[in-house]
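In: Got a predicted model here, sequence first, then my questions.
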Amino acid sequence: MTDKPETQAPEGASASDAPRKVKITLVRSPLGNTGRHKATVRSLGLHRMHQTVEQVDTPQLRGMLSKVAHMVKVE
């Protein structure tokens, strides 16, 4: 008998309990935009055009996406 923490979800947990993910794709270049927009795109994990990343859907992420909505595509 070892006291290892459980790594699996409890039996009653379902797939809906998992955090929602959002796919974000950079479709317009941040060049020519403000430094704050460039920094927001970088903080989203986007470094080059047409790159797609998955992020956990949080209110903070939604706020960042609203600021650079003209440069990204959200799925």
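Out: Done, it's in. Residues are numbered from 1 along each chain as shown.
In: just for this structure, where's the confidence low?
Out: Across the chain, the ranges flagged by pLDDT under 70 are 1-15.
In: now the helices for this protein?
Out: Assigned by DSSP state H, the helices in the chain fall at 35-43, 59-67.
In: Comparing those helices, which comes out most buried?
Out: Most buried of the helices of the chain by mean neighbour count (mean count of other CB atoms under 10 Å) is helix 35-43; its value is a mean of 14. C-beta here means a position set from N, CA and C on the backbone, and glycine is covered the same way.
In: Who are the packing partners of that one?
Out: Here helix 35-43 touches helix 59-67, going by 3 or more CB pairs under 8 Å, 6 or more residues apart in numbering; DSSP states H and E.
In: Need the contact partners of the helix it packs on.
Out: Contact partners of helix 59-67, identified using CB atoms under 8 Å, 6 or more residues apart in numbering, comprise 22, 24, 36-37, 40, 43-44, 55, 72, 74.
In: Next one: the residue most central in space within the chain from Leu31, what distance?
Out: In the chain, the C-alpha nearest the mean C-alpha coordinate belongs to Gln55, at 2.2 Å (CA atoms, centre = their mean). Distance from Gln55 to Leu31, counting by CB to CB, to the nearest Å: 23 Å.
In: on that earlier part again, of all the helices of the chain, which one is nearest Met49?
Out: Closest to Met49 of the helices of the chain is helix 35-43 (CB to CB; 10.6 Å).
In: orientation of the closest one relative to helix 59-67 in degrees?
Out: 130 degrees (axes from the mean of the first three to the mean of the last three CA atoms, to 10 degrees).
In: Include distance to His50 when you put the helices of the chain into CSV, please.
Out: Formatted as CSV, the helices of the chain follow (distance: least, CB to CB, whole Å):
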stretch, distance to His50
helix 35-43, 13
helix 59-67, 17
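In: Relative to Asp17, which of those is closest?
Out: Taking CB to CB, helix 59-67 is the member of the helices of the chain nearest to Asp17, at 18.7 Å.
In: Now do that closest one: distance to the chain's middle.
Out: 9 Å (CA atoms, centre = their mean, to the nearest Å).
In: And stretch 43-61, by the same measure?
Out: How far stretch 43-61 lies from its chain's middle: 4 Å, per CA atoms, centre = their mean.
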